[in-house]
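>>> how would this look folded up:
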Amino acid sequence: MDYIVRATAADQQIRAFAVTTRDMVETAREYHNTSPVATAALGRLLTAGAMMGAMMKGDDDLLTLQIKGSGPIGGITVTADSSANVKGYVQNPGVLLPANAKGKLDVGGAVGKGILNVIRDLAMREPYNGRCELQTGEIGDDLTYYFAVSEQVPSSVGLGVLLEKSNRVKQAGGFIIQLLPFTPDEVIDRLEQKLSDVRSVTEMLDAGMSPEQILEELLGEFGLEILDTMPTRYHCDCSRERIERVLLSLGRTELEEMIADGEPIEVNCQFCNKSYQVSVDELRGLLKSGRRQEASR
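Numbers count the residues shown, from 1 in each chain. Here you go, the predicted structure:
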């Protein structure tokens with residue numbers, strides 16, 4: 001089962017998250033029939049979304065991560081709530097690229113140059129929107145840069161997805177380590193040295209290490225304290241009611257045009273590929289409902 005570990009170290013001067021997401025990323029691969037490089041790219045952003053969702057406090061808080069790049073994958077969108085329910089999709093799931101110079105899946109080449117957007121919708125307040133330019137397109141590096149530039153939180157983000165020869169997901173997971181304000185330089189220097197020597201996330205996961213063991217390897221010498229664990233999963237909450245709200249939001253003119261065509265429409269959920277048929281009679285009912293809502297304002 002996929003789960004997140006939350007921890008602190010160095011007398012609460014460091015906060016840390018680690019997660020295993022194999023089931024989540026495999027579910028995404030099955031939903032979207034992604035190519036190997038698209039699975040790796042989407043899997044990394046889903047993994048980050050799970051941990052960043054767990055950072056939020058409110059039950060109704062919602063996180064959206066958007067990557068818009070110049071590479072052939074186009075864009076990637078991931079959303080997560082504070083219970084670490086995560087979903088996402090890539091614009092072009094069938095992208096095929098040769099391996100990079102290190103013989104690894106070329107996520108950076110698939111993503112290209114562009115922008116990372118981070119939107120936190122904290123229920124009652126105006127959504128917080130942070131953005132930065134992509135640094136490498138490898139996603140972990142880009143989020144490390146985002147935290148430093150947009151949120152002024154020195155961080156290290158490690159993300160990894162390992163595939164079997166059948167292209168099924170063998171391992172997936174990651175970590176986020178963050179320095180809190182007033183951390184002494186001596187702790188910072190030791191941590192930077194430790195992180196520069198550490199194995200990749202995929203190597204640690206492939207060696208059978210759990211999220212707790214990954215954090216122990218990274219932060220054990222800093223007095224690691226595990227705070228708690230929480231489950232995380234790929235979860236799409238689409239429904240007919242949500243689809244109807246989307247159709248209503250299109251406005252009266254567009255609904256009238258659909259009705260005039262005289263054909264049922266099919267609405268496809270981008271996050272799970274489920275299709276919803278909406279008949280002409282149902283469209284007429286939505287139009288009437290929309291008119292009633294306008295009249296009551």
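>>> and the strands in the stretch 151-297 of the chain, which stretches?
155-163, 169-179, 225-231, 233-234, 265-268, 275-278 (DSSP state E, counting those that start in this stretch).
>>> want to throw those into JSON lines with mean pLDDT, distance to Thr136 and mean neighbour count?
(Glycine included, C-beta is placed from N, CA and C.) Shown next, in JSON lines, are those (pLDDT from 0 to 100; distance: least, C-beta to C-beta, whole Å; neighbours: other C-beta atoms under 10 Å):
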{"stretch": "strand 155-163", "mean pLDDT": "96", "distance to Thr136": "12", "mean neighbour count": "23"}
{"stretch": "strand 169-179", "mean pLDDT": "97", "distance to Thr136": "16", "mean neighbour count": "24"}
{"stretch": "strand 225-231", "mean pLDDT": "97", "distance to Thr136": "30", "mean neighbour count": "13"}
{"stretch": "strand 233-234", "mean pLDDT": "98", "distance to Thr136": "26", "mean neighbour count": "20"}
{"stretch": "strand 265-268", "mean pLDDT": "87", "distance to Thr136": "32", "mean neighbour count": "13"}
{"stretch": "strand 275-278", "mean pLDDT": "88", "distance to Thr136": "36", "mean neighbour count": "14"}
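>>> next helix or strand past the helix or strand harbouring Gly43?
Gly43 is part of helix 36-54, with elements assigned from DSSP states H and E. Once the chain leaves helix 36-54, the next helix or strand it forms, by DSSP H and E, is strand 62-69.
>>> so which elements touch the very next helix or strand once past that following strand?
Next in sequence after strand 62-69, counting helices and strands by DSSP H and E, comes strand 75-81. Packed against strand 75-81 by the contact rule (3 or more C-beta pairs under 8 Å, 6 or more residues apart in numbering; DSSP states H and E) you find helix 36-54, strand 62-69, strand 85-90.
>>> most tightly packed of these?
Ranked by mean neighbour count, the helices and strands packed on strand 75-81 are led by helix 36-54 with a mean of 27 (mean count of other C-beta atoms under 10 Å).
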